[in-house]
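Colleague: sequence first, then the predicted structure:
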Amino acid sequence: MTDNHTTPEAGWNFDNSYARLSPSFYTALNPTPVRSPKLVLLNESLAATLGLRVESLQSKDGVAVLAGNLIPGGAMPLAQAYAGHQFGHFNRLGDGRAILLGEQLTPQGERFDIQLKGSGPTPYSRRGDGRAAMGPMLREYIISEAMHALGIATTRSLAVVSTGESIFRETELPGAVLTRVAASHVRVGTFQYIAQWGTDEELRTLADYVLQRHYPEIDAAGEENRYLQLLKEVIKRQAALIAQWQLVGFIHGVMNTDNMAISGETIDYGPCAFMDAYDPATVFSSIDTQGRYAYGNQPYIGGWNLTRFAETLLPLLHDDEEQAIKLAEGALADYEALFQREWLAGMRAKLGLFNEESEDEALIETLLDMMKKNRADYTNTFRALTLNKPEESALFGSPEFASWHQLWQARVGRQKEPLTASQELMRSSNPAVIPRNHRVEEALEAAVERDDYSVMERLLAVLATPFAHAPDQVEYCALSSDAAGPYRTFCGT
Ligand SMILES: Nc1ncnc2c1ncn2[C@@H]1O[C@H](COP(=O)(O)OP(=O)(O)OP(=O)(O)O)[C@@H](O)[C@H]1O
């Protein structure tokens with residue numbers, strides 16, 4: 001039974017600014033209770049950051065909250081309305097299987113959305129059941145936490161609860177609820193929803209809301225055209241975020257506009273994965289037959305999505321539409337250069353370079369070309385260079401690599417910084433471990449098929465320090481023996 005209880009001992013401290021917006025932005029609604037909730041994963045360090053007490057979250061009432069069976073005092077559950085371009089097609093969407101419990105104010109004064117994903121149907125569910133399967137929720141937990149450890153802005157995962165209920169996809173699967181933590185869940189699609197079906201006043205309210213919540217410096221500065229500044233800042237954060245993805249070989253897989261967060265966090269870990277062999281054409285989603293969301297296309301799609309965002313802001317940018325379009329185009333024109341600057345800076349760091357030389361881009365491109373031609377593993381190539389063990393790279397042995405290696409070493413040697421500083425920079429820029437598909441699948445299989453969470457606990461521990469380059473991480477660097485990889489078993493929703 002869903003009930004309203006106060007659970008002060010858990011540390012819930014809600015203040016629900018989104019619920020104070022006009023009801024056209026959401027539908028107030030409780031999660032649908034589940035039969036027999038059981039806590040299977042709890043992120044203790046995140047709980048502490050949020051000001052939540054672990055023992056209390058593990059208690060019967062604590063788990064009931066994480067399952068959606070009990071509403072903690074101060075929460076104002078709601079499903080958010082949004083729209084989105086899905087594979088280029090505009091659709092009216094909304095939280096079809098998620099409920100925002102509320103915003104947790106942390107002891108440090110930060111504000112985070114606490115959302116239950118897989119918490120039952122909502123008015124936005126369309127034909128869906130509102131539920132989520134255990135495999136994909138565990139997968140989102142693993143990969144989002146790995147992204148956080150890699151230093152990449154992301155929504156996070158506080159807990160996964162099994163529901164004791166089955167859901168039906170192609171087969172019968174165990175159900176789960178994931179507690180997702182985010183700076184907010186305002187998406188490009190939220191703006192699209194209001195631009196399409198709301199009033200200009202509501203659009204202004206939404207823009208003011210995100211300025212206050214995510215861009216307080218613009219809000220405080222009293223900028224002349226604050227909405228243009230907002231557009232510019234969102235563009236900057238997305239350029240930086242997508243550059244970070246490219247640098248670690250992360251493929252989001254479903255960069256629809258409803259999956260682009262205005263805060264600049266990575267959101268929605270559906271058909272995502274990390275690339276093994278370097279190839280810009282790599283796609284993981286089986287439904288992405290055109291390669292729209294391929295690794296190499298992500299920066300372009302980022303720009304496409306931001307253009308959709310800019311379109312929603314036009315009424316706020318200028319009273320005259322032509323002038324508004326000019327302003328938006330001016331801001332969007334900077335995206336490519338912002339992305340390139342971030343990416344190049346990141347690539348230089350991956351190669352241990354502190355300063356800039358004009359031939360750096362050629363040096364980087366040659367390395368990437370060699371990786372592509374030889375289907376060399378992206379992460380392990382940089383790891384071999386970092387550890388100064390070029391013989392461990394799949395490229396080793398070719399004359400082309402030998403001459404590149406010489407050029408690179410000479411380039412590193414021309415810097416005023418000592419070699420040790422360069423090596424340190426590489427260690428902190430090149431992860432030893434990433435959540436490789438076969439390792440993730442192995443952990444999910446043990447958990448879902450055999451109720452054995454030890455494989456996952458170990459994987460999570462290794463992924464928590466990706467830059468440690470520790471001996472116990474070596475086995476996690478190995479590639480799958482199955483060339484195609486056993487991926488996809490648990491992919492999807
Ligand atoms: N089982 C389901 N029941 C109802 N709605 C669903 C279901 N699965 C997905 N949806 C809805 O379909 C839309 C697109 O799904 P997508 O997989 O991108 O989102 P998601 O993973 O559920 O959510 P998020 O983007 O919040 O991570 C969303 O509006 C989502 O709420």
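Modeller: Nice, thanks for sending it over. Residues are numbered from 1 along each chain as shown.

Colleague: contacts, neighbours, all on C-alpha from now
Modeller: Noted.

Colleague: which residues touch the nearest residue to His252 once chain neighbours are set aside?
Modeller: Closest residue to His252 apart from its sequence neighbours, by CA to CA, 6 or more residues apart in numbering: Cys272 at 4.5 Å. Shown in contact with Cys272 (CA atoms under 8 Å, 6 or more residues apart in numbering): 250-254, 284-285.

Colleague: for Cys272, give me phi and psi.
Modeller: With angles defined as degrees, to the nearest 10, Cys272 sits at phi -90, psi 160.

Colleague: near the ligand, which residues of this protein are found?
Modeller: Contact residues, the chain versus the ligand (CA under 6 Å from any ligand atom): 93-97, 125, 128-132, 259, 268, 270.

Colleague: in CSV: the residues you listed, plus pLDDT and neighbour count.
Modeller: CSV is the format used below for these (pLDDT from 0 to 100; neighbours: other CA atoms under 10 Å):
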residue, pLDDT, neighbour count
Leu93, 98, 21
Gly94, 98, 25
Asp95, 98, 23
Gly96, 98, 24
Arg97, 98, 23
Ser125, 98, 17
Gly128, 96, 12
Asp129, 97, 17
Gly130, 98, 23
Arg131, 98, 25
Ala132, 98, 27
Asn259, 98, 23
Asp268, 97, 20
Gly270, 91, 18
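
Colleague: same question for stretch 50-63, mean pLDDT?
Modeller: Stretch 50-63 shows a mean pLDDT of 98.

Colleague: ok, back up a step: measure the residue nearest to His252 to the ligand for me?
Modeller: For Cys272, the distance to the ligand equals 11 Å [CA to the nearest ligand atom, to the nearest Å].

Colleague: one more: Val412?
Modeller: Distance of Val412 to the ligand, computed by CA to the nearest ligand atom: 42 Å.

Colleague: which SS class is that residue?
Modeller: Under the three-state scheme (DSSP: H, G, I helix; E, B strand; the rest coil), Val412 adopts helix.

Colleague: could you chop this protein up by domain?
Modeller: 17-185, 198-273+283-348 (the TED database).

Colleague: Serialize those domains to TSV and add fields for distance to Arg411.
Modeller: Shown next, in TSV, are those (distance: least, CA to CA, whole Å):
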stretch	distance to Arg411
domain 17-185	27
domain 198-273+283-348	11
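
Colleague: so which of those domains gets nearest Leu479?
Modeller: Minimum separation from Leu479 across the domains of the chain (CA to CA) falls at domain 198-273+283-348, 14.0 Å.

Colleague: from one end of that closest one to the other, what's the distance?
Modeller: One end of domain 198-273+283-348 to the other measures 45 Å (CA to CA, to the nearest Å).

Colleague: can you check stretch 55-65 too?
Modeller: End residues of stretch 55-65 are separated by 13 Å (CA to CA).

Colleague: what of stretch 128-138?
Modeller: 20 Å.

Colleague: got the contact list for Phe14?
Modeller: The neighbourhood of Phe14, defined by CA under 8 Å, 6+ apart, consists of 74-75, 102-105.

Colleague: most neighbours, which of those?
Modeller: Counting neighbours by other CA atoms under 10 Å, Glu103 leads those with 28 neighbours.

Colleague: that's a strand at it, yeah?
Modeller: Yes - under three-state DSSP, Glu103 sits within a strand.

Colleague: next, count neighbours for the residue nearest to it when sequence neighbours are not counted.
Modeller: Leaving aside its chain neighbours, Glu103 sits nearest to Asp113 (4.4 Å; criterion: CA to CA, 6+ apart). By other CA under 10 Å, the residues close to Asp113 number 23.

Colleague: next one: whichever strand or helix holds Asp113 to chain centre, how far?
Modeller: Assigned by DSSP states H and E, Asp113 belongs to strand 111-117. Put simply, strand 111-117 sits 14 Å off its chain's centre (CA atoms, centre = their mean, to the nearest Å).

Colleague: tell me if I'm right that Leu314 and Gln323 touch.
Modeller: No - with contacts counted by CA atoms under 8 Å, Leu314 stays clear of Gln323, the gap being 9.2 Å.

Colleague: neighbour-wise, which of those two wins?
Modeller: Set side by side, Leu314 and Gln323 show more neighbours around Leu314, with 22 against 13, by other CA under 10 Å.

Colleague: wait, Asn69 touches Thr32, no?
Modeller: Yes - under the criterion of CA under 8 Å, Asn69 makes contact with Thr32 at 7.1 Å.

Colleague: more neighbours: which of the two?
Modeller: Taking other CA under 10 Å, Asn69 and Thr32 do not tie; Asn69 has more neighbours (24 against 20).

Colleague: ok, the more buried one to the ligand distance?
Modeller: The value you get for Asn69 to the ligand, if CA to the nearest ligand atom is used, is 18 Å.

Colleague: in three-state terms, label that residue for me.
Modeller: coil.

Colleague: now swap in Pro271 and tell me
Modeller: Here Pro271 takes the coil state, with states given by three-state DSSP.

Colleague: correct me, but it touches Met255?
Modeller: No - contact criterion CA under 8 Å: Pro271 and Met255 do not qualify, at 10.2 Å.

Colleague: ok, the residue nearest to Thr106 when sequence neighbours are not counted - how many residues close by?
Modeller: Take Thr106 and drop its neighbours on the chain: the residue closest to it by CA to CA, 6+ apart is Leu50, 4.9 Å away. Leu50: 23 surrounding residues under other CA under 10 Å.

Colleague: quick one: Leu50 from the ligand, how far?
Modeller: For Leu50, the distance to the ligand equals 21 Å [CA to the nearest ligand atom].

Colleague: show me what contacts that residue?
Modeller: By CA under 8 Å, 6+ apart, the contact set of Leu50 is 104-107.

Colleague: ok, 10 Å please
Modeller: Residues near Leu50 by CA atoms under 10 Å, 6 or more residues apart in numbering: 11-13, 44, 104-112, 158, 181.

Colleague: now for the residue nearest to Arg97 when sequence neighbours are not counted: which residues touch it?
Modeller: Leaving aside its chain neighbours, Arg97 sits nearest to Gly130 (3.9 Å; criterion: CA to CA, 6+ apart). By CA under 10 Å, 6+ apart, the contact set of Gly130 is 31-32, 95-99, 117-124, 167.

Colleague: same deal with Tyr378?
Modeller: Tyr378 neighbours (CA under 10 Å, 6+ apart): 247-249, 274-279, 368, 371-372, 393-394.

Colleague: any idea how many residues pack against the nearest residue to it once chain neighbours are set aside?
Modeller: Take Tyr378 and drop its neighbours on the chain: the residue closest to it by CA to CA, 6+ apart is Tyr278, 5.1 Å away. Neighbours of Tyr278 under the rule other CA under 10 Å: 22.
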